[in-house]
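Visitor: below are the sequence and a predicted model; questions follow.
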Amino acid sequence: MSIVTVNDVNKVYEDKNNIPVQALNQVCLKMEEGEFTAIAGPSGSGKTTLLNIIGGLDKPNSGQVKVAGQELTTMNRNALAEFRLKTLGFIFQAYNLIPVLTAEENAEFMLLLQGVSAAERHQRVKEEFSALGIESALLSRRPNELSGGQQQRVAVARALVSHPKLILADEPTANLDSQTGKRLLDKMKEMNEKKGITFLFSTHDPMVMGRARRLLILRDGEIVEDRKTEPASPA
């Protein structure tokens, strides 16, 4: 069953000189449930824009976007927020952690909004932190007391802990060393295989591309290549 359908999506921005820039050009994409897919391409090719539109964080100028059976382009802001809460997980390149919350509070924030009990929130966050190699001593630290790599892992835990249908990950390994990145990808692969969570990455990382089962190449706002891949075996 399709979980993402993008039909003829166009997105045009204006740069600082008010000159139109075509970020996406007639993009069409269909993803089935359970995919583990990566989007690659040079900086400025439209990868983050496409992820944001699929995630309902941005709207196209034209075209249709359907995710988990819902047409996003016709939803209002409140409906989109509710949809994201129940359906999606995000891993942002800039982390987007809440500065006044601890690492644990950041990771459990989505569960809190979903009405999950405090005991279950604590247990699920503890399990995700352990799986991602986040030391228990970091639970009570705020984002400004964490390194970039630690913040990234907290952001990943936040996305995984609510077990969404689809996780959109923008350069998830960008600030991680190779071993931590490998552990992160192993965990995502496990969630994909055991819980059926669909993953869509934007990445420059050969390790992420090598683990994907499908690779999309985006260039100048267009998908120029779409191929199935044989995932590399974990080292």
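Guide: Alright, I've got the coordinates.

Visitor: which residue ranges of the chain form strands?
Guide: Chain-ordered strands for the chain, with DSSP state E as the definition, fall at 2-14, 20-32, 36-40, 62-67, 70-71, 88-91, 166-170, 198-203, 214-219, 222-228.

Visitor: ok, which of those strands comes nearest V156?
Guide: Taking C-beta to C-beta as the criterion, strand 88-91 is the member of those that comes nearest to V156, at 5.6 Å. The way it works is simple: take the backbone N, C-alpha and C, and place the C-beta from them, glycine included.

Visitor: just the buried positions in the closest one, please.
Guide: Neighbour-count burial for strand 88-91, counted by 16 or more other C-beta atoms under 10 Å, picks out 88-91.

Visitor: before we move on, what about stretch 140-152?
Guide: Under 16+ other C-beta under 10 Å, the buried positions of stretch 140-152 are 141, 143, 146, 150-152.

Visitor: so which of the residues you listed is the closest to G69?
Guide: Relative to G69, and with distances defined as C-beta to C-beta, the nearest of those is Q152, at 31.0 Å.

Visitor: now do the contacts for that closest one.
Guide: With contacts defined as C-beta atoms under 8 Å, 6 or more residues apart in numbering, the neighbours of Q152 are 95, 172, 174-176.

Visitor: same thing but at 10 Å, please
Guide: With contact taken as C-beta atoms under 10 Å, 6 or more residues apart in numbering, Q152 is in contact with 91-95, 97, 132, 146, 171-176, 180-181, 184.

Visitor: in helices, which of the buried residues of stretch 140-152 fall?
Guide: Using DSSP state H to define helices, the subset of these located there is 150-152.
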